[in-house]
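Engineer: Model the structure of this input:
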Amino acid sequence: MDRLSATLSALADPTRRAILARLTAGEASVSELAAPFDMSLVAVSKHLKVLEKAGLISKGKEAQWRPCRLETKPLRQVDDWLETYRQFWSENLDRLEAYAATLMQGRKEDDGSK
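Structural biologist: Reported below is the predicted structural model:
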């Protein structure tokens, strides 16, 4: 699986997105990451393995503590991929805005001629 596909697959799950959102505040242990969820540590660990395999998190090792941290490179790759679609929608919305302005101008001219 290519890197972008692995990242998008990992992001498809709401639990994994919530874990990533928590990691934006800083490193956290598996227990800290598991706290808000009604699931076992084993289940959370499986989610973490998917995130780690996709390169979205990394785990450190400090004595008994294995902090998880957010890795942003895969998210930048998703953002780069989405940029094409942002440009597409921006151009389409610009055309729609121009069309709406033309319609409004025509309506004003019709109102003024009555």
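Engineer: mind listing the strands for this structure?
Structural biologist: Applying DSSP state E to the chain gives strands spanning 57-59, 68-70.
Engineer: Residue 33: which of the ones you listed is closest?
Structural biologist: Nearest of the strands of the chain to residue 33, taken as CB to CB: strand 68-70 at 6.4 Å. (Each C-beta comes from the backbone N, C-alpha and C, glycine too.)
Engineer: Quick one: mean pLDDT for the closest one?
Structural biologist: For strand 68-70, mean pLDDT rounds to 96.
Engineer: measure residue 88 to residue 7 for me?
Structural biologist: With the distance defined as CB to CB, to the nearest Å, residue 88 ends up 21 Å from residue 7.
Engineer: Just list what the longest helix along the chain packs against, helices and strands only.
Structural biologist: In the chain, taking DSSP state H as the definition, the longest helix is helix 73-113. Counting by 3 or more CB pairs under 8 Å, 6 or more residues apart in numbering; DSSP states H and E, the packing neighbours recorded for helix 73-113 are helix 3-11.
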